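Undergrad: below are the sequence and a predicted model; questions follow.
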Amino acid sequence: MPQAVADQPECWPTLPLDSWKDTCATLHLWTQMVGKVRLKLTPLVNHWWNVPFYVTARGLTTSRIPYGGRAFELWFDFIQHRLVLETNDGITKELALSPRSVADFYQEFMGMLRSAGIEVKIWRMPVEIANPIPFDQDRVHASYDPASVEKFWRILLSVAAVLTQFRSGFIGKSSPVHFFWGSFDLAVTRFSGRRAPERPGADAVAREAYSHEVSSVGFWPGGGDMKNAAFYSYMAPEPQGFKEARVRPDAAYYDKQLGEFLLNYEGLRKAQSPTASLLEFCKTTYDAGANLGQWDRGALER
C-alpha cells in the first residue's frame, strides 16, 4: 500500500454523522432491500458470509447471485449514483440513486428485477434498526446527498485496503473484508478454530454468527448512541482482562456499554499516517485478545 498516496486527506474525508444522517439512514434501508435479495437466493454460508456486500472501485456489490439457470449481480455505483442490475444473459438495468422515499425506491427496485425476469419475495421489514417501517410503507426516509455518499464510499475504500493488509498476516480461518448491510459496517473477522459457548439469549442470527471464537475489527459510520463514525474491535467470547488491555493508538478506548474497543474516525483521519494508525489499532487489539484468549498464534499467523 503506497503510504504517500493512501494517507492523502482525500482518502480520509471528514464525515460527521450530523452532516448526512438522513442520507445515511435512507441509504442503509436501500442496501437492506438489495441485501435481502442476496439472502433469499443464496445458500447459507457459515456465519452468514453469503449475505454481505463487497467494496468495489465504484461502490458496493452483491457479487454473483444464482437464479435457476441464470445469474445476476446488483451493484451500487457511487460515482454515477445508480443501482445497476446485470445478468449473465446480457440484460442491464439501472435505477437512479436520488432523493425519494424508501417506499418508492422499493417499488422501483422490485419492478427492475421483474423487468429482467427475476421474481423474488423478500421480508419487507428492515433489521437491526430502531423503529423499523416496512419498506413499502416508509415515506419517512427520502434523502440522498451524492457528495456525502461519495465521501462514505471513499472512506470504505481506504478502510478496506487497511483491513485487507491486516487480514493478509493471518493463515487461520478468516472472513473476507465485507460490508454487512444489516449493521451497515465494514469488517473482517478472525477465528481461533475453537467452538464458542452458546451466547445466553442469542437468536438464530447470533448463534450462527458467533458459533466459534472470533476477533473482529471494523468501521461503522455511527448511529444510535454512537454520534459519529468509529472503528471497533471486539472478541467473542471476551477473555478476562481484555477490557483493561493497553492498545494503540493512545486515542483508542474500551466502551463498557458496547463491550468493544473504539477509535474515533475523526481523530484517526488527522493522524500523521491514518493507515498506520488504523493498522496499529487492528494489530494491538487482536494481539491483546488472542494472547488473553490463549489462541494458538503460532499455527494461525504468518
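TA: Here it is on my side, so go on. Numbering: from 1, shown residues only.
Undergrad: count of neighbours near the closest residue to Lys227 other than its chain neighbours?
TA: Leaving aside its chain neighbours, Lys227 sits nearest to Leu17 (6.1 Å; criterion: C-beta to C-beta, 6 or more residues apart in numbering). Where C-beta positions appear, they are placed from N, C-alpha and C, glycine not excepted. By other C-beta atoms under 10 Å, the residues close to Leu17 number 15.
Undergrad: kindly report the same for the one 5 residues further on.
TA: Around Asp22 there are 17 other residues, counting by other C-beta under 10 Å.
Undergrad: now it, what's its secondary structure?
TA: What DSSP: H, G, I helix; E, B strand; the rest coil gives for Asp22 is helix.
Undergrad: any idea how far it is from Arg207?
TA: Distance from Asp22 to Arg207, counting by C-beta to C-beta, to the nearest Å: 34 Å.
Undergrad: again with Gln137
TA: Going from Gln137 to Arg207 by C-beta to C-beta gives 30 Å.
Undergrad: over to Thr284?
TA: For Thr284, the distance to Arg207 - C-beta to C-beta - is 30 Å.
Undergrad: higher neighbour count, those two?
TA: Just comparing Thr284 and Arg207: by other C-beta under 10 Å the higher neighbour count belongs to Thr284, 18 against 12.
Undergrad: which element is the more buried one on?
TA: helix 274-292 (DSSP states H and E).
Undergrad: how far off centre is that helix?
TA: Between the centre of helix 274-292 and the centre of its host chain there is 19 Å, according to C-alpha atoms, centre = their mean, to the nearest Å.
Undergrad: worst-scoring helix or strand of the chain, pLDDT-wise?
TA: helix 3-6 (a mean of 67; mean pLDDT, DSSP states H and E).
Undergrad: those helices in this protein, which residues are they?
TA: Ranges of helices within the chain are 3-6, 21-41, 102-115, 146-167, 204-209, 265-269, 274-292, 297-300, based on DSSP state H.
Undergrad: out of these, nearest to Arg248?
TA: Nearest to Arg248, of all these, is helix 274-292, at 4.7 Å by C-beta to C-beta.
Undergrad: report all helices and strands that the closest one contacts.
TA: Judged by 3 or more C-beta pairs under 8 Å, 6 or more residues apart in numbering; DSSP states H and E, helix 274-292 is in contact with helix 3-6, helix 146-167, strand 212-220, strand 230-236, strand 260-264, helix 265-269, helix 297-300.
Undergrad: give me the low-pLDDT residue ranges for the stretch 1-150 of the chain?
TA: In the predicted model, the stretch 1-150 of the chain carries pLDDT under 70 at residues 1-5.
Undergrad: what's the longest strand in this protein?
TA: Scanning the chain for the strand with the most residues, using DSSP state E, yields strand 185-195.
Undergrad: list the buried residues of that strand.
TA: 185-192 (16 or more other C-beta atoms under 10 Å).
Undergrad: go on, stretch 12-21?
TA: 12, 15, 20-21.
Undergrad: go on, stretch 92-102?
TA: In stretch 92-102, counting by 16+ other C-beta under 10 Å, buried: 93, 95, 97, 100-102.
Undergrad: coming back round to it: can you redo the helices and strands packed on helix 274-292 as JSON lines with mean neighbour count and distance to Val55?
TA: Shown next, in JSON lines, are the helices and strands packed on helix 274-292 (neighbours: other C-beta atoms under 10 Å; distance: least, C-beta to C-beta, whole Å):
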{"stretch": "helix 3-6", "mean neighbour count": "12", "distance to Val55": "14"}
{"stretch": "helix 146-167", "mean neighbour count": "19", "distance to Val55": "4"}
{"stretch": "strand 212-220", "mean neighbour count": "22", "distance to Val55": "11"}
{"stretch": "strand 230-236", "mean neighbour count": "23", "distance to Val55": "15"}
{"stretch": "strand 260-264", "mean neighbour count": "22", "distance to Val55": "20"}
{"stretch": "helix 265-269", "mean neighbour count": "19", "distance to Val55": "16"}
{"stretch": "helix 297-300", "mean neighbour count": "12", "distance to Val55": "25"}
